[in-house]
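Colleague: no FASTA, just this:
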Ligand code: SAH
């Protein structure tokens, strides 16, 4: 018999709304014995409400696998969940065409602690919770079966593993390294994905639609791409006919990758691209002092506020770069500005951007709200799964 996690009185409310996390403060006690990652029954009063993965080291003491108390959590369960997640990517026809695609988005696909991205016939997987760790072999088998891919690389090297008491682990989980590098085409642009050393699983798939949008907005324009990483936005701007694209990042290896990605696309005008290694906060000031102007500016910074406790400092950083962005826009120019901070909601982000516009003295309107791509679904009961928020803002 599996152990039972007995909820403290009144602590079942979020569970009844199908929120999948059980925090330490909601646990009265564990009846029976469970090792990290073991499946436990979640009990309120006399009722079993869910089956969850036990994680004694984490503040999130358990993550729900199933809200059906009778569902058996075994290899077949993961086969069903993985197949359902992969099938979900087939709902929107435009997604099925993508060579780079998120296949599993953790809680939002009913698989807490599991991220899986597909790049051509290679899948990169990341396990970030004790429960996911326990079932990694079953999940790997299910992924091979559901996708027909040739190989799976594991990138379980996210910092959050430490919170779950897990060591970091990377390497080939199924199959062997491909002969060359992993390359995907995104909207007709070839991009190499560094699955071994790149950020997260190697590529920011969530910005796919937004990169295409920048392409549509770039013909004949002077584009500034801040925090360019491996050049995703920059290359779409070039493909869209930009007059010039200046790309900034503080990481020289990222910029080298970006330049190499440009070289993978001989159809693009390389002479219109400049890659500059710089701190965006400083470089925007230098550009302003030099009297530079741009028609399109992208601000896609790293997570300034991983959680709500960092929100205040992060808000200042967002305000700073957005203020400088507004100042650098030519009349009628567009700012494409993002936050991927879990600790800052859309409403707050919009306030910060509004404050920046006000202080810059520019009149500004939101042309479009921007989101993550459709292969990053959001569970209605788990809004935390929506990281990316963005605004397309035009100045007068
Ligand atoms: N827009 C990219 C993803 C950006 S990731 C894409 O579509 O793929 C964030 C990038 O910001 C990283 O490459 C990181 O090196 C860079 N970065 C972080 N802090 C920075 C700073 N202060 N100045 C410049 N670049 C920075």
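Modeller: Nice, I can see it. Keep in mind that what you see is a predicted model, and the values were worked out from it rather than measured. Numbers count the residues shown, from 1 in each chain.

Colleague: let me know the pLDDT of residue 268.
Modeller: Looking at residue 268, its pLDDT reads 98.

Colleague: what about it, neighbour count?
Modeller: For residue 268, the count of nearby residues is 22 (other CB atoms under 10 Å). All C-beta atoms are positioned from the backbone trio N, CA, C, and that covers glycine.

Colleague: so who does it touch?
Modeller: Contact partners of residue 268, counting by CB atoms under 8 Å, 6 or more residues apart in numbering, are 189, 235, 238, 239, 262.

Colleague: quick one: it from residue 218, how far?
Modeller: Noted for residue 268: a distance of 12 Å to residue 218, by CB to CB, to the nearest Å.

Colleague: related to what we said a few turns ago, just the buried members of the contacts of residue 268?
Modeller: 189, 235, 238, 239, 262 (16 or more other CB atoms under 10 Å).

Colleague: so the last one, which state does it fall into?
Modeller: Same thing as residue 262. helix (DSSP: H, G, I helix; E, B strand; the rest coil).

Colleague: returning to that earlier point: okay, the buried ones among the contacts of residue 268 in JSON lines with pLDDT and distance to the ligand next?
Modeller: Shown next, in JSON lines, are the buried ones among the contacts of residue 268 (pLDDT from 0 to 100; distance: CB to the nearest ligand atom, whole Å):
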{"residue": "189", "pLDDT": "98", "distance to the ligand": "12"}
{"residue": "235", "pLDDT": "98", "distance to the ligand": "10"}
{"residue": "238", "pLDDT": "99", "distance to the ligand": "14"}
{"residue": "239", "pLDDT": "98", "distance to the ligand": "14"}
{"residue": "262", "pLDDT": "98", "distance to the ligand": "14"}
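
Colleague: so residue 50 touches residue 42, yeah?
Modeller: Yes: counting by CB atoms under 8 Å, residue 50 touches residue 42, with 4.4 Å between them.

Colleague: now do the shared contacts for those two.
Modeller: In contact with both residue 50 and residue 42: 15, 64, using CB under 8 Å, 6+ apart.

Colleague: residues contacting residue 90?
Modeller: Applying CB under 8 Å, 6+ apart, the residues near residue 90 are residue 96.

Colleague: and it, which of the three is it?
Modeller: coil.

Colleague: same check on residue 84?
Modeller: Assignment for residue 84 (three-state DSSP): helix.

Colleague: how about the contacts made by the residue of the stretch 51-200 of the chain found nearest the ligand?
Modeller: The minimum distance from the stretch 51-200 of the chain to the ligand, using CB to the nearest ligand atom, falls at residue 199 (6.3 Å). Residues in contact with residue 199 (CB under 8 Å, 6+ apart) are residue 229.

Colleague: now it: how far from residue 205?
Modeller: Taken as CB to CB, the span from residue 199 to residue 205 is 12 Å.

Colleague: helices of this protein, start to end?
Modeller: 13-16, 75-88, 93-96, 130-134, 136-147, 160-163, 208-216, 232-239, 252-263, 280-289, 311-328, 346-360 (DSSP state H).

Colleague: quick one, which of those is packed in tightest?
Modeller: helix 232-239 (a mean of 28; mean count of other CB atoms under 10 Å).

Colleague: next, the angle from it to helix 252-263.
Modeller: 30 degrees (axes from the mean of the first three to the mean of the last three CA atoms, to 10 degrees).

Colleague: hmm, the strand ranked longest in the chain touching the ligand?
Modeller: Assignment by DSSP state E gives strand 329-339 as the longest strand of the chain. No: against the ligand, strand 329-339 shows no contacts by CB under 6 Å from any ligand atom, the least distance being 8.0 Å.

Colleague: who does that strand pair up with?
Modeller: strand 294-299 (parallel), strand 389-395 (antiparallel) (DSSP bridges).

Colleague: give me the contact list for it.
Modeller: Outside of strand 329-339, the residues within contact range by CB under 8 Å, 6+ apart are 207, 210, 213-214, 217, 222, 293-301, 304-305, 318, 322, 325-326, 349, 353, 362, 364, 367, 370, 388-396.

Colleague: repeat that for stretch 374-389.
Modeller: 17-20, 88-89, 92, 94-95, 98, 101-103, 105-110, 205-207, 209, 338-342, 344-346, 349, 369-372.
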